[in-house]
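> Sequence and predicted structure are below.
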Amino acid sequence: MTRKRQKIEERLFAERAIALLGEHWTIREPPNEREWPDLLVDTATGSFGLEVRKLYPDEASGGSAKRAAESLHARRLTEVAVRYYAGGAPPARVQFYGLPPTTLASDLASMVPSMQTWEHKKVTYDSQRWMHVCRLPAELAKYSRWDILTDSIGWVGVIDSSVVQRAIQEKFANLAQHKMHVEDVRLLLACDRTRNSGKLLFGDLPGIEDAGFPHIYLLSFPDQLVQIPAQQGAPASGQTVARPARG
């Protein structure tokens, strides 16, 4: 994944988490990516830093095999993206399930301009084909790293607590550096359930330690958020903020 695409996903996950929390916080980019958290979040009473880490059920030292396969499938939408942007349409992130119809470029061109920036929609063509669309900000003009996920249908599992703990410890490595600039640094761990590589929900997470983060948000994108409150290094239990129906 390129850094540009990663930043877009970080912003998308953060925006969705804020919406599920019922908050009206504002996100902005940090001065640099080496010393600061991934994102800065402004609230009515102050600001905090937000680190974002994506989770996969089959994480290994070499990365997720499912995610690698999905990256290859993404190339199939390149031609559609070229036709879509030829008419001057606004930037969008598209994930399509199944075989895209010949009308996809025009369908998107008629829908995306009326969407708000960072707004997310699911559009169903039939029982075998649907897509997730997100309008992106203007500075990401002609963004074309779209995904086609023909192997996306599968069981939704429950994430293992060891995967969560490993991700927390990974982000903890930079916490001291980040806190030199922002005292309140929180962590958002996200799996993308719109992709087969992220078909996970968060159940009970016994033995999770927060490693010094005052708040840890666990997002199963797009509609489940679990919040782990500050435990000062003690085992934490998840509190569901929003949970979807099964599937």
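Happy to help now that I have it.

> Confirm that Pro113 lies within a helix, as I assumed.
Yes. The assignment for Pro113 is a helix, going by DSSP: H, G, I helix; E, B strand; the rest coil.

> What is the end-to-end distance of stretch 19-32?
One end of stretch 19-32 sits 26 Å from the other (C-alpha to C-alpha, to the nearest Å).

> typo on my end, stretch 33-40
Start-to-end span of stretch 33-40 (C-alpha to C-alpha) is 11 Å.

> And that stretch, what's buried?
For stretch 33-40, the buried set under the neighbour-count rule, 16 or more other C-beta atoms under 10 Å, comprises 36-40. Just so you know, the C-beta spots here come from the backbone N, C-alpha and C atoms, and that holds for glycine as well.

> One more: stretch 99-111?
Those would be 100, 104-105, 107-109, for stretch 99-111 by 16+ other C-beta under 10 Å.

> Now do the domain split for this protein, please.
3-57+159-242, 65-148 (automatic domain parsing).

> In TSV, list those domains along with mean pLDDT.
Formatted as TSV, those follow (pLDDT from 0 to 100):
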stretch	mean pLDDT
domain 3-57+159-242	84
domain 65-148	86
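
> circling back: of the buried residues of stretch 99-111, just say which sits nearest to Leu50.
Taking C-beta to C-beta as the measure, Leu108 is the one of these closest to Leu50, at 29.8 Å.

> which residues sit in contact with the nearest residue in space to Asp184 that is not next to it in sequence?
Nearest in space to Asp184, with sequence neighbours left out and distances taken as C-beta to C-beta, 6 or more residues apart in numbering, is Phe48 at 3.8 Å. Residues near Phe48 by C-beta atoms under 8 Å, 6 or more residues apart in numbering: 40-41, 182, 184-186.

> would you turn those into a markdown table with distance to Tyr143 and secondary structure?
A markdown table is the format used below for these (distance: C-beta to C-beta, whole Å; DSSP: H, G, I helix; E, B strand; the rest coil):
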| residue | distance to Tyr143 | secondary structure |
| --- | --- | --- |
| Leu40 | 22 | strand |
| Val41 | 23 | strand |
| Val182 | 28 | coil |
| Asp184 | 31 | coil |
| Val185 | 28 | strand |
| Arg186 | 27 | strand |
